[in-house]
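>>> got a predicted model here, sequence first, then my questions.
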Amino acid sequence: MENALHLAIQRSGRLSESSLALLKECDLHFSLGKNKLRSPASNFPVEMLFLRDDDIPGYVADGVADIGIVGENVVAEKDRPVEIIEKLGFSKCRLSIAVPNSFKFKTLQDLHDCHIATSHPKILTNFLSREKITAKIHEISGSVEIAPGIGLSDAICDVVSSGSTLVGNGLKEVKTIFNSEAVLIANPELSKEKNSFLNRLLFRIRSVIKAKDYQYILMNIPNEAIDKVVQILPGMKSPTVMPLSTGGWSSVHSVIRKDTFWEIIDNLQAAGAQGILVVPIEKMII
Ligand code: PRT
Ligand code: ZN
């Protein structure tokens, strides 16, 4: 589609699956082929472009793509004029400095005059200059964790998620310098029409992301426990209470945050709730 919003996503890698899943949850229909470089959605004015993640900020800045999904670390490292529109809550990781286990590290000053290997030289340079540390940065594009072992560097600065890669290479994490997750970025000078497509897409994305934090809960309670149960349940406004055909009992429906779930369930049971059902929420529009 000529005027469709061009959305760049990673072709294959850690961001791809979650990016596609999010777009599907937004009810965008598009076909995927193994070697496809682009794919228009059949039911929304958006066309996907499948690219390497490192190229996404540049393509968005240059207007080849209008918007993109990429790690915040890559946005900061590429430092191109794009706007971060929304944090998407997946591919969470951090950029950390790590040193060999044998390195007697006490403070950041111990990195003075060290050689540090990284695939994120810009973020590291900015961090070191803020901390007034002079070190020699070696830019490498992959397998950063092996650099100290092969004598290339004294330390590394790399993306960490579980930390097991560092441990497996005899390294210890000593300082997180950047926290990252997948973000939606946009060219700051979109046309009015493309901006309105972006706002429609953003509305869907937000309702999908919001829903992930909540669950729908239904239960039966004896009528005398209604006041107590209503106090326990926050709900979006207040819980729905409906009488059951069995006299003396009501059905209560509410929406609760996942992170308070078990505590609330314990309190509900103590208040007399029975037959508690918990249902995932697909989309949430507030
Ligand atoms: O081919 P293309 O250039 O598109 O992809 P890529 O190989 O450059 O990137 P990819 O797919 O590896 O990562 C894409 C993005 O995912 C990164 O820019 C981060 O924003 C995010 N991300 C989240 C990660 C990780 N978690 C991660 N664990 N990126 C890389 N890693 C690597 C890290 O480099 C290290 O080698 O995983 C290892 C550490 O993992 P743990 O779990 O052992 O700590
Ligand atoms: Zn990459």
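Good, I have the coordinates. Ligands and ions are numbered 1, 2, ... in the order given.

>>> near ligand 1, which residues of the protein?
The chain has residues 10, 13-15, 52-54, 71, 73-74, 91, 93, 145, 158-165, 180 near ligand 1, with proximity defined as Cβ under 6 Å from any ligand atom. Yep, even glycine has a C-beta here, placed from its N, CA and C like the rest.

>>> run through this protein and note the low-pLDDT ranges.
1-2, 235-236 (pLDDT under 70).

>>> try 50 this time
Across the chain, nothing is flagged by pLDDT under 50.

>>> flag every residue of it that's near ligand 2.
Contact residues (Cβ under 5 Å from the ion) of the chain with ligand 2: 53-54.

>>> which residue sits farthest out from the middle of this structure?
residue 247 (47.2 Å; Cα atoms, centre = their mean).

>>> tell me how far that residue lies from residue 227.
18 Å (Cβ to Cβ, to the nearest Å).

>>> try residue 5
For residue 5, the distance to residue 227 - Cβ to Cβ - is 50 Å.

>>> the more surrounded of those two?
Ranked by neighbour count (other Cβ atoms under 10 Å), residue 5 and residue 227 place residue 5 first, with 25 against 9.

>>> list the contacts for the nearest residue in space to residue 51 that is not next to it in sequence?
Distance criterion Cβ to Cβ, 6 or more residues apart in numbering; nearest residue to residue 51, sequence neighbours excluded, is residue 8 at 5.1 Å. Going by Cβ atoms under 8 Å, 6 or more residues apart in numbering, residue 8 touches 48-51, 55-56, 59-60, 64-65, 67-70.

>>> check residue 277 too.
Taking Cβ under 8 Å, 6+ apart as the definition, contacts of residue 277 comprise 217-219.

>>> tell me what it is bridged to.
Beta bridges link residue 277 to residue 218, judged by DSSP bridges.

>>> in the stretch 151-286 of the chain, which residue sits nearest ligand 2?
When scored by Cβ to the ion, the stretch 151-286 of the chain has residue 159 as its residue closest to ligand 2, at 10.3 Å.

>>> so where do the helices sit in the stretch 51-200 of the chain?
Applying DSSP state H, counting those that start in this stretch to the stretch 51-200 of the chain gives helices spanning 56-62, 72-78, 121-130, 164-168, 192-212.

>>> save these as TSV, and put in mean neighbour count too.
Shown next, in TSV, are those (neighbours: other Cβ atoms under 10 Å):
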stretch	mean neighbour count
helix 56-62	21
helix 72-78	21
helix 121-130	16
helix 164-168	14
helix 192-212	16
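
>>> including distance to residue 280, could the ones you listed go into JSON lines?
JSON lines is the format used below for the helices of the stretch 51-200 of the chain (distance: least, Cβ to Cβ, whole Å):
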{"stretch": "helix 56-62", "distance to residue 280": "30"}
{"stretch": "helix 72-78", "distance to residue 280": "27"}
{"stretch": "helix 121-130", "distance to residue 280": "36"}
{"stretch": "helix 164-168", "distance to residue 280": "30"}
{"stretch": "helix 192-212", "distance to residue 280": "8"}
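
>>> perfect, I'm done here.
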